[in-house]
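> Next comes the sequence, and after it the predicted model I'd like to discuss.
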Amino acid sequence: MSGVQDELLRTLVKVAKALRDQEIPFALTGGCAVYARGGPATEHDVDILVREEDAKPAVSALVAAGMRAADAPEDWLLKVYDGDSLVDLLFRPNELAVTDATLARAEELPVSSATLPVMPATDVMISKLLVLDGHRCDFSELLPFARALREQIDWPRVIEATEHSPYAAAFLVLTERLDLRSTP
């Protein structure tokens, strides 16, 4: 594991403690959720799902824990930094509001030195596919994710949830042709 990955995991543990101390419901998603479920490690950021009404209190809790708030140009997330490690607090990813029901789908899993709620691989795959567009259509991170966690992904649900996206459709054709949707 690289130094960046170690830092992200340390940040993740700090985030979980700060949010739990303030009783703010959350769930891990994105690349760190993939890693928590046995997939490849990420070096990008820590993605945390929170309800919209909890986003600003979450930032306050993280700032009180020694992190610094940052401006986000998007209107569906807030950002904080722990040193150089970025934490995205997502409350409306892909224009879908994070709700109690969303957070209830998370499973408690060990991640580094903590146990925390981690979104299912199916939800993470759907989210990552819905981000794809003409300016962002890189499958290089999605393929190892699909390969590593293929048994945890409900592929029919992914297909149904992303059917309106031609970019997701292209990726799903690739997973089918590479036989990634079958169990090893």
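Cool, the structure landed.

> So which residues of the protein form strands?
Ranges of strands within the chain are 27-29, 46-49, 68-70, 77-82, 85-90, 107-111, 114-118, based on DSSP state E.

> Identify the residues contacting the residue nearest to residue 7 when sequence neighbours are not counted.
Leaving aside its chain neighbours, residue 7 sits nearest to residue 85 (5.1 Å; criterion: Cβ to Cβ, 6 or more residues apart in numbering). C-beta: built from backbone N, CA, C; applies to glycine. Residue 85 makes contacts with 7, 8, 10, 11, 45, 46, as judged by Cβ atoms under 8 Å, 6 or more residues apart in numbering.

> hmm, back to that, can you redo the strands of the chain as a markdown table with mean pLDDT and distance to residue 152?
Shown next, in a markdown table, are the strands of the chain (pLDDT from 0 to 100; distance: least, Cβ to Cβ, whole Å):
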| stretch | mean pLDDT | distance to residue 152 |
| --- | --- | --- |
| strand 27-29 | 97 | 14 |
| strand 46-49 | 97 | 18 |
| strand 68-70 | 97 | 32 |
| strand 77-82 | 97 | 25 |
| strand 85-90 | 97 | 21 |
| strand 107-111 | 94 | 10 |
| strand 114-118 | 95 | 11 |
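
> Deepest-packed of those, please.
Counting by mean count of other Cβ atoms under 10 Å, strand 46-49 has the highest mean neighbour count of those, with a mean of 28.

> and that one, which strands flank it?
Paired strands of strand 46-49, with direction, are strand 27-29 (antiparallel), strand 85-90 (parallel) (DSSP bridges).

> Which of those sits closest to residue 18?
When those are compared by Cβ to Cβ, strand 85-90 sits nearest residue 18, at 10.1 Å.

> now the angle from the closest one to strand 77-82?
Calculated by axes from the mean of the first three to the mean of the last three Cα atoms, to 10 degrees, strand 85-90 forms an angle of 160 degrees with strand 77-82.

> chain center to strand 85-90, what's the gap?
10 Å (Cα atoms, centre = their mean, to the nearest Å).

> I'd assumed residue 111 was in contact with residue 32.
Yes - assessed by Cβ atoms under 8 Å, residue 32 is found in contact with residue 111 at 7.2 Å.

> could I have stretch 63-71 exported to PDB, CA atoms only?
Provided in PDB are the C-alpha atoms of stretch 63-71 (Å, rounded to 0.1, in the frame of the first residue of the first chain):
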ATOM      1  CA  VAL A  63     -13.400  21.100  11.000                       C
ATOM      2  CA  ALA A  64     -13.700  20.600  14.800                       C
ATOM      3  CA  ALA A  65     -11.700  17.400  14.300                       C
ATOM      4  CA  GLY A  66      -8.800  19.400  12.700                       C
ATOM      5  CA  MET A  67      -9.800  19.300   9.000                       C
ATOM      6  CA  ARG A  68     -10.300  22.400   6.800                       C
ATOM      7  CA  ALA A  69     -13.400  23.200   4.700                       C
ATOM      8  CA  ALA A  70     -12.900  23.900   1.000                       C
ATOM      9  CA  ASP A  71     -15.100  25.500  -1.600                       C
END
